[in-house]
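[1] Any chance you could fold what I've pasted below:
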Amino acid sequence: MRIRLDLAYDGTEFSGWAAQPRLRTVEGELSRVLTTLLRSDTPVRLTVAGRTDAGVHARGQVAHLDAGEHAWAALPGRSTRTPEAAALTRLSGLLPGDIVVRDVRVAAPGFDARFSALRRRYLYRLCDRSTALDPLRRRETVVTRDPVDVTAMHEAAQRLLGLRDFAAFCKRREGASTVRTLLEYSWRRDPGGVLEATVVADAFCHSMVRSLVGAVLPVGQGRREVGWPAQVLRAARRDPAVAVMPAHGLSLEEVIYPPDKELAARAAQARAVRTLDDVP
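    Alright, predicted model coming up:
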């Protein structure tokens, strides 16, 4: 049986999502608890919608695992609860306070937490005014000393939208495509004066969001022209002038999936190697 988990976590004290020997990770904590709950002889493995780096947070993360039917059915014990309700209650009691599983359910046929996703939405918080910094949100907000022009940053961001090769903003991995569709990249000030970037794409490659933020920040600070990030994008190679911004300002807010009947087809499409053949 495939089980879907919807969860959130404070990434501050984690070495990222992926399980790693001798390091505290989100997957490692979940796997440890799920292995106990399901009485598995081997560690439970999870597939996640977005593999967040060390320090990155999540409010809308999604993962799946495959469990045996008997182990799943045994979760309620002698109670009258459903396996879903029993799993949610027991996870709440066993997981550390910086991970919260919000929902547990049997996944629809064809569901894959990673490949079935249509798009992911991230939020990046940046504060350029000391009086606007909320000390209660300091672990999810990056502070910059120089004031920035949010309008210029937003304009620069609009020039990066579309189906493109984002090699300039990704850490390359052998055999992995850097072609993505950037659906939204917008900047605004929240009512308290903190800058917020909303970044939405069908998928992201390693360090892409933090590099996109690092590309437009110099524009907001008046050190680069509005068209500079687009020039970097077209060059299709890492530029040392583009900083990979600190991880703690970033949060995965939402993962969107198609209707159940389209899950398998979407997963097959997402597994295909991306190219720029469809770009005019």
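
[2] Helices of the stretch 1-150 of the chain, residue ranges please.
    26-37, 69-73, 83-94, 150-158 (DSSP state H, counting those that start in this stretch).

[3] thought R24 was touching G11?
    No: with contacts counted by Cβ atoms under 8 Å, R24 stays clear of G11, the gap being 10.8 Å. Any C-beta I mention is one placed from the backbone N, CA and C, and that applies to glycine too.

[4] ok, now which ones touch A85?
    Neighbouring residues of A85 by Cβ atoms under 8 Å, 6 or more residues apart in numbering: P76.

[5] ranges for the strands of the chain?
    Using DSSP state E, the strands of the chain run over 2-9, 47-48, 57-66, 99-106, 119-127, 142-143, 162-165, 179-189, 195-201, 250-256.

[6] Let's have these in CSV, adding mean pLDDT.
    What follows is the strands of the chain, written out as CSV (pLDDT from 0 to 100):
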stretch, mean pLDDT
strand 2-9, 98
strand 47-48, 98
strand 57-66, 98
strand 99-106, 98
strand 119-127, 98
strand 142-143, 96
strand 162-165, 95
strand 179-189, 97
strand 195-201, 98
strand 250-256, 98
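
[7] which of R24 and G11 has more neighbours?
    More crowded of R24 and G11, by other Cβ atoms under 10 Å: G11, with 26 against 15.

[8] Isn't that one up against R51?
    No: using Cβ under 8 Å, G11 is not in contact with R51, being 11.8 Å away.

[9] Looking at the helices of the stretch 1-150 of the chain, spot the one closest to W187.
    W187 lies closest to helix 150-158 among these, at 4.2 Å (Cβ to Cβ).

[10] So for the closest one, what gets flagged as buried?
    150, 152-157 (16 or more other Cβ atoms under 10 Å).

[11] low-confidence ranges in the protein?
    The model of the chain has pLDDT under 70 over residues 175, 273-280.

[12] 90 - rerun?
    Along the chain, the model assigns pLDDT under 90 to residues 130, 145-146, 171-177, 236-241, 271-280.
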